[in-house]
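[1] Here is a sequence together with a model predicted from it:
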Amino acid sequence: MPTPHNTTLPSYACPQILAGQKALVTGASSGIGKAVAIGLGRAGADVMINYVSNEETAREIANQIESFGVKAMAFRADVSKEAEVQAMFTAMLDAFGTIDILVANAGLQRDANIDEMTLAQWNTVIDVNLTGQFLCAREAVKEFKRRGIRQDISVAAGKIICMSSVHQLIPWAGHANYAASKGAINMLMQSMAQELAPLRIRVNSIAPGAIRTPINRPAWETPEAYAKLMDLVPYNRIGEPEDIAQAAVFLASDMADYITGTTLFVDGGMTCYPGFAEGG
């Protein structure tokens, strides 16, 4: 039986494929956002780490990123608040001069059955998961348009990576607000990609499956829970935050220059509907 602690990712040499680029990662003080911020820094980007709590942790992440020989800073902002997002972008442009990469990762859950879900639970999830991505993307696009392409840095004028979920595709009972936000992110991403492609601004999404993060600890922390989770994952291991970080580095790089309007599912085959593997 697989265990919760048996995942060892291969060690990759990390060329500085994002050297000279400036990145903002929202919700970067833990989990997937933390791993993505570190991954971008390791690949050569200067990184702003957005957080809404855990200032000390965010600053520790910034120090770790700076050990790669790049710049990093932590900035507190609630991405659902327009004024706070605008202040964050002002601070980033003051510190780094511009932005090349936005990873709109901040997200949360407020779970309830549909007949018991409060309006506050619904609004909180939609405001952070969806409106937060809109607000950050809007500010990033303003700077991408103002600055244009810098051929010595990247062949694209800017890159936006929206953090989605397998639940943009797979319904999730008891989590209607979360699944609705992720389904909407897919259409937001595609609509932005269609609009911005002529300007050489690329917009894509990453859709993680089961990833070992604090938000879903009950699903993987015991052998019994882990074994049950593996019924949904044909690849028979849980994903690690670094799996998502590697995908984000690729999508942010010029290696992915002809990719826009696409969701990259990083899910160990969860969206292959493993319940049908033996004929349904």
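    Looks like it came in fine. Not measured: the values here are computed from a predicted model.

[2] Buried ones in the worst-scoring helix or strand of the chain on mean pLDDT, by neighbour count?
    Across the helices and strands of the chain, mean pLDDT, DSSP states H and E gives its lowest value to helix 223-230, namely a mean of 93. For helix 223-230, the neighbour count (16 or more other CB atoms under 10 Å) marks 226, 229-230 as buried. All C-beta spots, glycine's among them, are computed from the backbone N, C-alpha and C.

[3] With respect to residue 152, which of these is nearest?
    Taking CB to CB as the measure, residue 152 lies nearest residue 229 of the buried residues of helix 223-230, at 45.3 Å.

[4] residues contacting that closest one?
    210, 219-220, 238 (CB atoms under 8 Å, 6 or more residues apart in numbering).

[5] Also residue 88?
    Contacts of residue 88 were listed using CB under 8 Å, 6+ apart, and they are 24, 48, 50, 75, 77.

[6] if you set the cut-off to 7 Å instead, what comes out?
    By CB atoms under 7 Å, 6 or more residues apart in numbering, the contact list for residue 88 reads 50, 75, 77.

[7] before we move on, what about residue 96?
    Taking CB under 7 Å, 6+ apart as the test, what residue 96 contacts is 22, 46, 71.

[8] and the gap between the second one and residue 263?
    It stands for residue 46. 27 Å (CB to CB, to the nearest Å).

[9] hang on, the earlier thing: pull the distance from the least confident helix or strand of the chain to the chain's centre.
    How far helix 223-230 lies from its chain's middle: 25 Å, per CA atoms, centre = their mean, to the nearest Å.

[10] Convert the C-alpha atoms of the lengthiest helix in the chain to PDB, please.
    In terms of residue count, the longest helix belonging to the chain (DSSP state H) is helix 176-196. What follows is helix 176-196, C-alpha atoms only, in PDB (Å, rounded to 0.1, in the frame of the first residue of the first chain):
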ATOM      1  CA  ALA A 176     -19.600  24.300  -5.100                       C
ATOM      2  CA  ASN A 177     -18.100  27.700  -4.500                       C
ATOM      3  CA  TYR A 178     -14.500  26.400  -5.000                       C
ATOM      4  CA  ALA A 179     -15.400  24.400  -8.200                       C
ATOM      5  CA  ALA A 180     -17.400  27.300  -9.600                       C
ATOM      6  CA  SER A 181     -14.400  29.700  -9.000                       C
ATOM      7  CA  LYS A 182     -12.000  27.300 -10.800                       C
ATOM      8  CA  GLY A 183     -14.400  26.800 -13.800                       C
ATOM      9  CA  ALA A 184     -14.700  30.500 -14.100                       C
ATOM     10  CA  ILE A 185     -10.900  30.900 -14.000                       C
ATOM     11  CA  ASN A 186     -10.700  28.700 -17.000                       C
ATOM     12  CA  MET A 187     -12.900  31.000 -19.100                       C
ATOM     13  CA  LEU A 188     -11.200  34.100 -17.700                       C
ATOM     14  CA  MET A 189      -7.800  32.700 -18.700                       C
ATOM     15  CA  GLN A 190      -9.000  31.700 -22.200                       C
ATOM     16  CA  SER A 191     -10.700  35.100 -22.800                       C
ATOM     17  CA  MET A 192      -7.600  37.000 -21.700                       C
ATOM     18  CA  ALA A 193      -5.400  34.700 -23.800                       C
ATOM     19  CA  GLN A 194      -7.600  35.400 -26.900                       C
ATOM     20  CA  GLU A 195      -7.600  39.200 -26.300                       C
ATOM     21  CA  LEU A 196      -3.900  39.500 -25.500                       C
END
